[in-house]
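>>> Mind folding the following:
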Amino acid sequence: MHMTQTPRIPLRSRVALAAGAGARTASRLLGRGSGGMIGGEVALRLSPTVLADLASRIPSAVITGTNGKSTTTRMVRAALQTRGSVASNTNGDNMTSGVITAFMNTRTASAAALEVDEMHVPSVAAAVRPHVFVYLNLSRDQLDRVGEIGAVERRLREGAAAHPGAVVVANCDDPLIVSAACDNPNVVWVAAGGGWGGDSAAYPRGGRVVREEGSWHLIPSRPGEELPALASRPEPDWWLTDVDLRPEGPRATLNGPDGTAVPLVLALPGRANLGNAAQAVAAAVAMGVDAEAAARAVSGVDEVAGRYSTHDVDGRLARLMLAKNPAGWQEAMTMIDPRVDQVVIAVNGQVPDGQDLSWLWDVDFAALDAQGRRVVACGERGADLAVRLEYAGIHCQLAPLPMDALALCRPGKVEMLLNYTAMRDFKTVLGEKGARR
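Next up is the predicted model:
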């Protein structure tokens, strides 16, 4: 029997990996971070082909989209781990250097689940040559860094088009994702939901999007305009039924090809995470995992890099949730347990968050308006947030930092919605304080 040998990594890349490992260790010892980016950056500078050399050995899934990347990547990783070790960038280091570090951390992996920033999909995919793309959703996010949404759609379209042999697991409820994926010959359509439609009123290939009864179709945006060949929502290959959005965790039946029907009983909150789970299972099945095993593994995910985790801070049981753009905020507010009457919201405006926070005025904060609920705004841009909440008719208190805001709450459950750097910094404080989970 012919045995396929694992390709040997070239000497230059082996030296680069050793240097990257040293940089990563130094970063940790000096307290500069986890080393998730610097290790890969050093390796890449020393060997431009290091990512391709590492990734050539194993099948990979590239997961991308505006919201849900980290969660879906964690779910895909859990499903793939039913068959062996998995390389994955678990801390959200989703640019090229972070992907390199993911492979460096698990050199004996049999598969990879890779979270990739939308704008880096073509370059990462060129090196990794993924077996599967997972395209989640597209909406406005960090306009001052990324740019308008049409440019992002074109990047995803470019990334998938360069790999016609890959399977594209795509959300058919999002017209922008449909446009990015529909040219590929191997698309698996998943009805993952499209809760935010404000950025997909116009279809990138021509026409205007009309939504009705859980579906969408295109109409001409001007007289005589010719519509594209795919002018309506594709029929899904995977879809959810029996959806039950319980505060303790949603559940549903995931239906798929050939009569597949598997239960999803999630530990993570919200309708959006059911959609993430559906795409994670579909991706895992495309990589050879049994659907039932994948659904069980996905259902067992209970936190993602600290998100959705609960911490006891002086008797205040704080559950952390990330929200970073209009679509993410809308979904996060649906995840608030209606039985909890204390909510802390933290907003920073650093470069990773996007420094332009005008989008706060596009968020509908009505879900926070509950009789007797205490709302505390905080963070570097807490005053901007407090003004926005007051205009929405939601009276709030104002505190400098999340820990100060938490101190204003009485002992008991507290829901905390934080944007990116607010979450990062608060987790650091929790670690220093030694808060129990």
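
>>> what number of residues lie near the closest residue to Pro185 other than its chain neighbours?
Spatial nearest neighbour of Pro185, excluding adjacent residues (Cβ to Cβ, 6 or more residues apart in numbering): Pro164 at 5.8 Å. Every C-beta, even on glycine, is put in place using the N, C-alpha and C of the backbone. Using other Cβ atoms under 10 Å, Pro164 is surrounded by 11 other residues.

>>> Any regions of this structure where pLDDT drops low?
1-7, 31-36, 142-147, 435-437 (pLDDT under 70).

>>> give me every residue that touches the residue nearest to Pro185.
Asn184, Pro185, Asn186 (Cβ atoms under 8 Å, 6 or more residues apart in numbering).

>>> One more: Ser299?
Going by Cβ under 8 Å, 6+ apart, the list of residues near Ser299 reads Pro263, Leu264, Val265, Leu266, Ala267, Ala277.

>>> What of Gly22?
Val42.

>>> ok, now Ser97?
Residues near Ser97 by Cβ under 8 Å, 6+ apart: Met37, Ile38, Gly39, Gly40, Glu41, Ala43, Leu44.

>>> Pretty sure the second one sits against Leu30.
To tie it back to what came earlier, the one meant is Ile38. No: the pair Ile38 / Leu30 is not scored as a contact, 10.4 Å apart, by Cβ atoms under 8 Å.

>>> Looking at those two, which one has more neighbours?
Counted by other Cβ under 10 Å, Ile38 and Leu30 do not tie: Ile38 has more neighbours, with 21 against 9.

>>> List the buried residues of the lengthiest helix in the chain.
In terms of residue count, the longest helix belonging to the chain (DSSP state H) is helix 11-29. Neighbour counts over helix 11-29 (16 or more other Cβ atoms under 10 Å) mark Ser13, Ala16, Leu17, Ala19, Gly20, Ala21, Ala23, Arg24, Ser27 as buried.

>>> can you check stretch 94-112 too?
Quick answer for stretch 94-112 (16+ other Cβ under 10 Å): 94-105, 109, 111-112.

>>> Just give me how far that stretch sits from the chain centre.
17 Å (Cα atoms, centre = their mean, to the nearest Å).

>>> And it, end to end?
End-to-end distance for stretch 94-112, by Cα to Cα, to the nearest Å: 13 Å.

>>> now do stretch 80-87
10 Å.

>>> likewise stretch 394-414?
Stretch 394-414: ends 17 Å apart by Cα to Cα.

>>> what do you get for stretch 371-384?
23 Å.

>>> Tell me which stretches of the stretch 51-200 of the chain form helices.
All helices of the stretch 51-200 of the chain, identified by DSSP state H, counting those that start in this stretch, fall at 69-80, 96-105, 121-128, 149-161, 175-181.

>>> how about the ones you listed in JSON lines, adding distance to Ser309?
Shown next, in JSON lines, are the helices of the stretch 51-200 of the chain (distance: least, Cβ to Cβ, whole Å):
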{"stretch": "helix 69-80", "distance to Ser309": "12"}
{"stretch": "helix 96-105", "distance to Ser309": "21"}
{"stretch": "helix 121-128", "distance to Ser309": "28"}
{"stretch": "helix 149-161", "distance to Ser309": "29"}
{"stretch": "helix 175-181", "distance to Ser309": "29"}
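
>>> ok so, going back, return the closest of the contacts of Ser299 with respect to Val168.
Ala277 (18.2 Å; Cβ to Cβ).

>>> Let me know how buried the closest one is, in neighbour terms.
Ala277 has 29 nearby residues by other Cβ under 10 Å.

>>> Show me the protein divided up by domain.
As assigned by the TED database, the chain contains the domains 48-300, 309-435.

>>> contacting residues around Glu41?
Taking Cβ under 8 Å, 6+ apart as the definition, contacts of Glu41 comprise Gly20, Ala23, Ser97.

>>> quick one: what helix or strand has it in it?
helix 38-46 (DSSP states H and E).

>>> Give me the angle between that helix and helix 96-105.
When axes from the mean of the first three to the mean of the last three Cα atoms, to 10 degrees is applied, the directions of helix 38-46 and helix 96-105 differ by 100 degrees.

>>> Run a quick check on Asp384 versus Asn348, I expect a contact.
No: Asp384 is not in contact with Asn348 according to Cβ under 8 Å; the separation is 10.6 Å.

>>> Comparing these two, which residue is more hemmed in?
Comparing Asp384 with Asn348 by neighbour count (other Cβ under 10 Å), the higher total belongs to Asn348, at 23 against 17.

>>> Kindly list the main-chain dihedrals of the more buried one?
Torsion angles at Asn348 (phi, psi; degrees, to the nearest 10) stand at phi -110, psi 170.

>>> Please apply the same query to Ala346.
The phi/psi pair for Ala346 (degrees, to the nearest 10) is phi -120, psi 130.

>>> same question, the one 5 residues further on
Here the main-chain torsion angles of Val351 (degrees, to the nearest 10) amount to phi -60, psi -50.

>>> Got the phi and psi for Arg319?
According to degrees, to the nearest 10, Arg319 has phi -100, psi 130.

>>> beta partners of it?
Here Arg319 sits in beta bridges with Thr310, Glu415, going by DSSP bridges.

>>> For Asp258, see how far away it is.
39 Å (Cβ to Cβ, to the nearest Å).

>>> more crowded one of the two?
Between Arg319 and Asp258, counted using other Cβ under 10 Å, Arg319 has the larger neighbour count: 19 against 5.

>>> how about the strands of the stretch 151-300 of the chain, start to end?
167-171, 187-190, 208-212, 215-219, 239-244, 251-255, 261-265 (DSSP state E, counting those that start in this stretch).

>>> now the residue lying closest to Leu266 once chain neighbours are set aside: how far from Val152?
Counting by Cβ to Cβ, 6+ apart, Leu266 lies nearest to Gly249, which is 4.9 Å off, once chain neighbours are set aside. Per Cβ to Cβ, Gly249 is found 31 Å from Val152.

>>> got it, and Ser215?
Counting by Cβ to Cβ - Ser215 and Val152 are separated by 24 Å.

>>> Please work out which residues outside stretch 207-226 touch it.
By Cβ under 8 Å, 6+ apart, stretch 207-226 touches 173, 175, 194, 197, 200-203, 206, 227-228, 231-233.

>>> Please list only the buried members of those.
Asp173, Pro175, Gly194, Gly197, Ser200, Ala202, Tyr203, Gly206, Leu227, Ala231, Arg233.

>>> surely Arg24 meets Thr101?
Yes: using Cβ under 8 Å, Arg24 makes contact with Thr101 at a distance of 6.8 Å.

>>> For Pro236, give me its contacts.
Cys172, Trp189, Val190, Ala191.
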